[in-house]
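**Q** quick check, what structure comes out for this input:
(2 chains)
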Amino acid sequence: MKPPLPPSYLSLYRGPAILLVLVAVLPLCARGHFSYLLSLAQLCGIYAIIVTGLTLLLGYTGQVSLGHAGFYGLGAYAAAILATVCHLPVWLAILLALTATGVCMFVAGVSLLRLKGHYLALATLCTGIIIYEVITKMEITGGAAGLYDLPEIALLGQGPLAKTYLIWAVVILVLLWAVHLTESPYGRALRAIDGDEDAAAAMGVRVFPLKLTIFIVSGVLAALAGILYAFVYSPSYLGPEEFSIMHSVSFLIMVVIGGMGSVWGGLAGAVVLTGLHELLNLLGERLHSTDMAKYEHLVFGALLIVILVFSRDGMMPGLRRSLLRLAGKGMRRA
Amino acid sequence: MLTVAHASKWFGGLHAVENVSFTIEEGALAALIGPNGAGKTTLFNLIAGALPLTSGCVYLAGRPIRNVQSACALGIGRTFQNVRLFREMSVVDNVLVGLDHPNFWTASLHLPGLLRAERANLKRAYFLLEEIGLEALATARAGDIPFGQQRLLEIARALALSPRLILLDEPAAGLNRTETTGLEALIRRIRNRGITILLVEHDMQLVMNLAERVIVLDNGEILADGPPAVIRADPRVCAAYLGAGVC
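**A** Below is the predicted model:
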C-alpha cells in the first residue's frame, strides 16, 4: 500500500485564508445598527487567542488549567504597569510583560505539572485566584478601581475597524502557528502525552519538557490576549473583573464546546460563547432587565450539556460528522 | 548486550526485585518467567528505565540506563502487560510517534524539511505496518481495532524506535491459538533481524518454542537460569511455577 502524503501547505493554510477573507468582509456586516459587531469581533479575537493556547494545553496535551484568566490578567497588568507607572515605551513594556509571564509560567509549571487531572485543575485554579487577588488588592494595579488612560496601540490606525483588523491579524498569526505545531510530529507527540504519558515516554517523547513548553506557551498567549485587551480593546480602563475565576471557567467551556481536538474548535467556541454573551446582553436591554448577565453561566452550562450529549468531542467535530453524513446521503440519492 | 547487575527494587517494605543479575547476549531471545507477583514486570520496568532502581545497575552495550529517555536513546523498545496504545490516535499515528521528535521551533516554522522528513516517516511507518499485517487498518482509530491487532500494533510501535533490545511483556495474553501462532512467527522474524528480545510470558508452549534461554523469577529473585529443556527438568521450577502439566 502506498503511504499517503503529509498535509500540504495548501491544506494547512486553507483555514487561515478563509478566516482572513471573513475578517476582511466584516465591515460590510458591521454597519449602522450593527456597528457594535466590531467591538464584539475584537473581544471574540482576544478570547480566541486565549482559547487557542488552552486548546493546545487541554485538548492536545490533556493538561487542565483553570487559571488562564489569571495569566490573561498577568499580561494585561504587567504591560499596563510597565507602560504607565514605569513609563517604559509601549513595545518594551509588551516585550517585558510577555517575558515576565513566560518566566512565571515556567516557575509555576515546574511545580504544578507534576500534578495530574483534578489536582492540576485545583492547583491552576488557586494560581488564578492568587493572581486575581493580587490584582484587586495591590495599590500599583489600582485595586478594584483599576487603571485608567493606558497608551493605545494604533498600529493599523485609529477607530474600531483598525482595532478589529489589528486583533484579528494577531489571531490569524496565532492560529497559523498553532496549525503548524499541531499538524507536525510535535502535535502528534502532544496527543500521545494526552493518550498515555508512560507509553509516550517509552516511545522517546520527552513528556515533561513538552508539557512545560505548552504550559508556558499557553500562558504567554493568554498574556498576549491581555495586552491586546489593555492596549487595543479597552485602553481607557483596565479593571480586574475581566480576569475573575469565572472567566477561566468560560475559557474552558469555550474549548470543550468548540471541540478539544482542533484549534478551529477553540476558535468556534470562543466566537459562539462571546456571541451568546452579547446576545444575552441585548436581550436584557430589550426586556429592560439588568438580570440577564446573571443567567450567562446558566446558559453556558446548559449549552455545554446539550453539546456533550449530542457530540461528546465538541461542536466542530460534531458539525463535521453531520456534514459528512449529509454529503453521504446526497451521494447515495444521486 | 544487556547486563543487569545486582538490581533491586523495593516498594517500602516489599522487595519486588532482590539482587538480580544476568547478562543477555546480542541477538539472543530470552524469556523471563515466574508466578504472578514474582517481579517480572517490575524488572522489565527497571530495564526500560520506567522505575528507578533501589540498588544495582542496568547496562545496555556497556552504558547505564538511568531513565526512560536514556533507555530509548540506547535502543530499548517495549510493549506493556496491558495494551497501552494511544487509543484516540490512528494506527499509523501510533507508529509515527516513535519515529520523529522535532523540537518546538522546527515544528512552529514547519519548513519544507519537516514535510520531507514526515514523508520519509510515513513510508517507514507503512513499511512497519505492512510487516506486521496491519497496513489495511492504518487510518483506523487504534482503540477500535480488535484486541489481537492492538497487541501487534504495540510491537510495531516499539519497532519504530529501531531498537537493539525489545522487551515484550506478555504479548500473547488474551490472544487465541491462531493469533499466538502468528505472534510466534512475528517474534522469530524480529529476532532474525538481529534484534535482541526479552520476553515475559505465561504461555509456556510459546516460551519453550521460542526462547533459547529462560530465566525464572520467584519472589523477586532468580530461581533458575538456562535453556528451556534444563528449566523444564528443574524440580524447583516445577514446584514453584510450571507444575506437573509442563514438567
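**Q** the biggest helix by length in chain B vs chain A: in contact?
**A** Taking DSSP state H as the criterion, chain B has its longest helix at helix B:112-132. Yes. Applying CB under 8 Å from any CB of the partner chain, one finds helix B:112-132 touching chain A at B:114, B:115, B:117, B:118, B:119, B:121, B:122, B:123, B:125, B:126, B:130. In this view, the C-beta of every residue, glycine as well, is placed from N, C-alpha and C.
**Q** and stretch B:83-100, by the same measure?
**A** Yes. On the criterion CB under 8 Å from any CB, stretch B:83-100 is in touch with chain A at B:84, B:85, B:86, B:87, B:88, B:89, B:93, B:96, B:97, B:98, B:99, B:100.
**Q** so how far is the first residue of that stretch from its last?
**A** Length of stretch B:83-100, first residue to last, CA to CA, to the nearest Å: 22 Å.
**Q** give me phi/psi at residue B:64?
**A** The phi/psi pair for residue B:64 (degrees, to the nearest 10) reads phi -70, psi 150.
**Q** next, give phi and psi for the nearest residue to it once chain neighbours are set aside.
**A** Of all residues not flanking residue B:64 in the chain, residue B:57 sits nearest, at 5.6 Å (CB to CB, 6 or more residues apart in numbering or on different chains). As for residue B:57, its main-chain torsions (degrees, to the nearest 10) stand at phi -150, psi 150.
**Q** how about residue B:57, what does it touch?
**A** Applying CB atoms under 8 Å, 6 or more residues apart in numbering or on different chains to residue B:57 gives the contacts B:5, B:6, B:7, B:64.
**Q** can we see that at 10 Å?
**A** In this structure, residue B:57 makes contact with B:3, B:4, B:5, B:6, B:7, B:46, B:64, B:65, B:66, judged by CB atoms under 10 Å, 6 or more residues apart in numbering or on different chains.
**Q** is the helix or strand hosting the third one in proximity to chain A?
**A** Which is residue B:5. Using DSSP states H and E, residue B:5 sits within strand B:2-11. No. Strand B:2-11 lies apart from chain A when judged by CB under 10 Å from any CB of the partner chain; the minimum separation is 16.5 Å.
**Q** where do the strands sit along chain B?
**A** Here chain B has its strands, by DSSP state E, at B:2-11, B:14-24, B:29-33, B:55-60, B:63-64, B:76-78, B:165-169, B:196-200, B:213-218, B:221-226.
**Q** chain A: helices as residue ranges?
**A** A:9-29, A:36-54, A:68-84, A:90-112, A:117-137, A:160-182, A:185-195, A:197-202, A:207-228, A:245-258, A:263-286, A:296-310, A:315-333.
**Q** so which of those is nearest residue B:75?
**A** Closest of the helices of chain A to residue B:75 is helix A:197-202, at 12.7 Å (criterion: CB to CB).
**Q** on that earlier part again, what about the strand holding residue B:5, average pLDDT?
**A** For strand B:2-11, mean pLDDT rounds to 94.
**Q** and it, which strands flank it?
**A** Using DSSP bridges, the strands paired with strand B:2-11 are strand B:14-24 (antiparallel), strand B:55-60 (antiparallel).
**Q** now do the buried residues in that strand.
**A** The neighbour-count check on strand B:2-11 (16 or more other CB atoms under 10 Å in any protein chain shown) flags B:2, B:3, B:4, B:5, B:7, B:8, B:9 as buried.
**Q** again, but for stretch A:270-278
**A** Using 16+ other CB under 10 Å as the test for burial, stretch A:270-278 gives A:270, A:271, A:272, A:273, A:274, A:277, A:278.
**Q** tell me if I'm right that residue A:77 and residue A:143 touch.
**A** No. Residue A:77 is not in contact with residue A:143 according to CB atoms under 10 Å; the separation is 11.5 Å.
**Q** hey, what's in contact with both of these two?
**A** Both residue A:77 and residue A:143 are contacted by A:135, A:240, under the criterion CB under 10 Å, 6+ apart.
**Q** okay, those two: which has more neighbours?
**A** residue A:77 (27 against 14; other CB atoms under 10 Å in any protein chain shown).
**Q** ok, that one - contacts?
**A** Neighbouring residues of residue A:77 by CB under 10 Å, 6+ apart: A:97, A:131, A:134-135, A:138, A:140-142, A:146-147, A:223, A:226-227, A:230, A:238, A:240, A:243.
**Q** so how far is residue A:183 from residue A:177?
**A** As defined by CB to CB, to the nearest Å, residue A:177 lies at a distance of 11 Å from residue A:183.
**Q** overlap in contacts, the two.
**A** Joint contacts of residue A:177 and residue A:183 (CB under 10 Å, 6+ apart) are A:263, B:107, B:110.
**Q** setting aside sequence neighbours, what's the nearest residue to the residue sitting nearest the centre point of chain B?
**A** Residue closest to the average C-alpha location in chain B (CA atoms, centre = their mean): residue B:167, at 2.0 Å. Leaving out its chain neighbours, the residue that sits closest to residue B:167 by CB to CB, 6+ apart is residue B:78, at 4.1 Å.
**Q** surely that neighbour meets residue B:159?
**A** No. Residue B:78 is beyond contact range of residue B:159, at 11.0 Å (criterion: CB under 10 Å).
**Q** what is in contact with these two at once?
**A** Common neighbours of residue B:78 and residue B:159, using CB under 10 Å, 6+ apart, are residue B:166.
**Q** state the mean pLDDT of stretch B:76-96.
**A** 95.
**Q** buried residues, that stretch. List them.
**A** Buried, per 16+ other CB under 10 Å, within stretch B:76-96: B:76-80, B:83-86, B:89-96.
**Q** next one: the residue nearest to residue B:33 when sequence neighbours are not counted from chain A, what distance?
**A** Once flanking residues are discounted, residue B:33 sits nearest to residue B:216: 5.6 Å by CB to CB, 6+ apart. Distance of residue B:216 to chain A, computed by CB to the nearest CB, to the nearest Å: 26 Å.
**Q** mind checking pLDDT for residue B:216?
**A** Residue B:216 is assigned 93 on the pLDDT scale.
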